[in-house]
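Student: prediction below, plus the sequence it came from.
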2 protein chains.
Amino acid sequence: MASSKVTAHDVAQAAGVSQPTVSRVFTPGVTVSAALEKRVREAAKTLGYRPNTLARSLITGQSMTIGLIVAYLDNPFYTEALEKLSHTLRERGYNIMIFMAANHASDVDQVVHDLLDHQVDGIILASVAASSALTDRLRDEGVPLILFNRGHSDRSISAVTSANFEGGQKVAEFLLSGGHQRIAHISGWQGALTGADRCAGFLAGLETQGAEAVSVTDGLFSRETAAAATRALFASSLNPDAIFVGNDHMAFAVIDVLRSELRLEPGCDVSVVGYDDVAMASWPSYNLTTVRQPANRMVQAVVTQLLGQIEGSEPVAKHIEIDGPLIVRGSARIPQGWTR
Amino acid sequence: MASSKVTAHDVAQAAGVSQPTVSRVFTPGVTVSAALEKRVREAAKTLGYRPNTLARSLITGQSMTIGLIVAYLDNPFYTEALEKLSHTLRERGYNIMIFMAANHASDVDQVVHDLLDHQVDGIILASVAASSALTDRLRDEGVPLILFNRGHSDRSISAVTSANFEGGQKVAEFLLSGGHQRIAHISGWQGALTGADRCAGFLAGLETQGAEAVSVTDGLFSRETAAAATRALFASSLNPDAIFVGNDHMAFAVIDVLRSELRLEPGCDVSVVGYDDVAMASWPSYNLTTVRQPANRMVQAVVTQLLGQIEGSEPVAKHIEIDGPLIVRGSARIPQGWTR
DNA sequence: AATTGTCTTGAATACGTATTCTCGGCTGGT
DNA sequence: ACCAGCCGAGAATACGTATTCAAGACAATT
């Protein structure tokens, strides 16, 4: 059967052909006579030959590998995305080299360098910011980069996000239609465009109807920070009747505090709206009204754009925003006659 | 600064030395005179040189890459483990190539072959079963394999699990001490040793005290199946007063059904115990009593064992079981004077 | 029938690095 | 002062494949 290391030479010898012929048999799009191809394939099969991807990559310059950097997986939105990314890239023939990076620029830079050493064909940054030193380096190396769920001021680098500004607006409209008077916002991390845009859209949406938030706090995309913000909010005299939370992950923490510490029931005593629509949002315990980020379409967009840049069919960088609907559940009062 | 592709030859030329000297500078454990080393490092820095890992791997036969195959990430226990694995392996100088595989043997085989083509130094299977064809192939190639949170009857392949049998026993003891009379079990998938061992330990624990489960159903590690099992349980005349659920992920579904459909409060009307102690188990909404699987220690064990087999310091395969405590929270009645 | 062209295949080379081998120079011991 | 031994660096080679180049066979065109 298969011995430990079978090379193209071994197969060539067994089939009575030259090594390049073996290579041609395993290279799509290259033509070999039917007779030889059959001999080669048989020899390869009995010897258990499989081409060495490393050697192939070394010469073609294509590793067929994508580097993926993720900051954290606490937020299930990213695990969902990771799962879909993995499947989609695999369908397209690419592999994933994954790294977890703390969100410090130095750590990210280090990880990117590691990826470049491995000759990855492209890099996806999921919820991680890219320093300009880093983008310069990548441009220089000619390795495409794309941000997932993270905006970037530099339009020359690609990014896929949901329509965060519009999403924020939708929530504002929904809460105002519900007749809420004292609306608070526990925002996503303001250091990220994702968080800032949702916040800006929300505030703009309120302003359109002459309203204003009674409180805006940065929840830093963290459960603990959001929980603390909730306690502070109700310890003050503000007495909010609605809270828009920058993502579902934080919204769950807010609901937990409301219910178990403040004895307030979401949807009755206070309205809570999140952002993402992760699977857990539909679980009965939370039943969270939230803006859906369509992970499927976002992942498709990321893959299409990135591989387009790699393979040259879509060389120009793009910011892609994907619109998502407001999913109305029970955690926030539903306006009379709301149909949208 | 850095141009697109800088090779060791370029650096050698710039520093006025030979290519092998450059290689030696970047190979730990090889000695080069201080003067030359300095010249080489400076030239490398100004040119922006970094060694090409592919070329290095091709010749050394070490890719410094570990293949990781995961079945699903719905269960947060695995995302937690993935995060820790990533950090730990990176500290040890290894990279991760990740694949999601459906739990069909054919899919796993395909993925493993892809990994082998990439010359990975070792493979981790997380909650995925290994066919014997596959283990044979790996043994033949000399690539170490280790199972994470999955047992295997063949003792010649390594595996790290928690002490599932003992964990099940602990739950039995706890529930019996709590005076429960009609105890049901919604087990983990019986096709996996992990699920079967917990179940066996649990039943054995009951039997020790002359008790017996009123019902045992296979929950298949799935939320939907567990939810359906719960409904069936209470639609019958069994009227259980305690349910041991095969993992936390399913236990959350069970609690959701109990509370939102059956109007039963866990910890008062029914006791629910899970297994894993994922982060969510401590959230106020669930507050789940559960057996902790110490992800940290399990990951450490996986990495130590796998790298030991790769680097030859620990060549013999091992089954490692890691004991975890029962974490008592509010979802199950606490026996009088329980201190353990 | 002769010539042009196409198609197949083997020989040679390249990819970028690590390692073996060799040689020159240097140290240290007598 | 001489020689054994050692160390450091360059030349050559290897890793396993894809690709270029040249040559040969054969079909097609005039």
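Tutor: Happy to help now that I have it. Numbers count the residues shown, from 1 in each chain, chains lettered A, B, ... in the order given.
Student: so how far is stretch A:218-228 off the chain centroid?
Tutor: 20 Å (C-alpha atoms, centre = their mean, to the nearest Å).
Student: now do stretch A:173-184
Tutor: For stretch A:173-184, the distance to the chain centre is 30 Å (C-alpha atoms, centre = their mean).
Student: buried residues in it?
Tutor: Neighbour counts over stretch A:173-184 (16 or more other C-beta atoms under 10 Å in any protein chain shown) mark A:173-178, A:180, A:183-184 as buried. No exception for glycine: its C-beta is placed from N, CA and C like everyone else's.
Student: with stretch A:186-197 instead?
Tutor: In stretch A:186-197, the ones that count as buried by 16+ other C-beta under 10 Å are A:186-190, A:192-197.
Student: one more: stretch A:200-211?
Tutor: A:200-203, A:205-206, A:211.
Student: filter the buried residues of stretch A:173-184 down to the ones in helices?
Tutor: Among these, DSSP state H puts A:173-177 in helices.
Student: chain B: which of the buried residues of stretch A:200-211 is nearest?
Tutor: residue A:202 (25.6 Å; C-beta to the nearest C-beta).
Student: distance of residue A:96 relative to residue A:131?
Tutor: To residue A:131, residue A:96 is 23 Å away according to C-beta to C-beta, to the nearest Å.
Student: correction: residue A:118
Tutor: Distance from residue A:118 to residue A:131, by C-beta to C-beta: 20 Å.
Student: likewise residue A:148?
Tutor: Distance from residue A:148 to residue A:131, by C-beta to C-beta: 17 Å.
Student: who has more neighbours out of those two?
Tutor: When neighbours are counted by other C-beta atoms under 10 Å in any protein chain shown, residue A:148 comes out ahead of the other of residue A:148 and residue A:131, with 25 against 13.
Student: contacting residues around the more buried one?
Tutor: Going by C-beta atoms under 8 Å, 6 or more residues apart in numbering or on different chains, residue A:148 touches A:81, A:124-127, A:159-160, A:298, A:302.
Student: switch the residues you listed over to JSON lines; also include distance to residue B:256 and neighbour count.
Tutor: Formatted as JSON lines, the contacts of residue A:148 follow (distance: C-beta to C-beta, whole Å; neighbours: other C-beta atoms under 10 Å in any protein chain shown):
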{"residue": "A:81", "distance to residue B:256": "24", "neighbour count": "25"}
{"residue": "A:124", "distance to residue B:256": "34", "neighbour count": "27"}
{"residue": "A:125", "distance to residue B:256": "35", "neighbour count": "26"}
{"residue": "A:126", "distance to residue B:256": "29", "neighbour count": "23"}
{"residue": "A:127", "distance to residue B:256": "28", "neighbour count": "22"}
{"residue": "A:159", "distance to residue B:256": "36", "neighbour count": "26"}
{"residue": "A:160", "distance to residue B:256": "32", "neighbour count": "26"}
{"residue": "A:298", "distance to residue B:256": "27", "neighbour count": "23"}
{"residue": "A:302", "distance to residue B:256": "32", "neighbour count": "26"}
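Student: show me the residues you listed that map onto helices.
Tutor: A:81, A:298, A:302.
Student: now these in JSON lines, with pLDDT?
Tutor: Shown next, in JSON lines, are the ones in helices among the contacts of residue A:148 (pLDDT from 0 to 100):
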{"residue": "A:81", "pLDDT": "96"}
{"residue": "A:298", "pLDDT": "98"}
{"residue": "A:302", "pLDDT": "98"}
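Student: tabulate those in TSV, adding columns for distance to residue B:41.
Tutor: Formatted as TSV, those follow (distance: C-beta to C-beta, whole Å):
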residue	distance to residue B:41
A:81	40
A:298	43
A:302	38
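Student: so what's residue A:332 closest to, chain neighbours aside?
Tutor: Nearest non-adjacent residue to residue A:332, counting by C-beta to C-beta, 6 or more residues apart in numbering or on different chains: residue A:271, 3.6 Å away.
Student: need the three-state assignment for the one you found.
Tutor: Recorded secondary structure, residue A:271: strand (DSSP: H, G, I helix; E, B strand; the rest coil).
Student: kindly state the beta-bridge partners for it.
Tutor: Applying DSSP bridges to residue A:271 gives these bridge partners: residue A:242.
Student: in JSON lines, list the buried residues of stretch A:173-184 along with pLDDT and distance to residue A:61.
Tutor: Putting these into JSON lines (pLDDT from 0 to 100; distance: C-beta to C-beta, whole Å) gives the following:
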{"residue": "A:173", "pLDDT": "97", "distance to residue A:61": "51"}
{"residue": "A:174", "pLDDT": "97", "distance to residue A:61": "51"}
{"residue": "A:175", "pLDDT": "98", "distance to residue A:61": "53"}
{"residue": "A:176", "pLDDT": "97", "distance to residue A:61": "55"}
{"residue": "A:177", "pLDDT": "96", "distance to residue A:61": "56"}
{"residue": "A:178", "pLDDT": "96", "distance to residue A:61": "57"}
{"residue": "A:180", "pLDDT": "97", "distance to residue A:61": "57"}
{"residue": "A:183", "pLDDT": "97", "distance to residue A:61": "54"}
{"residue": "A:184", "pLDDT": "98", "distance to residue A:61": "53"}
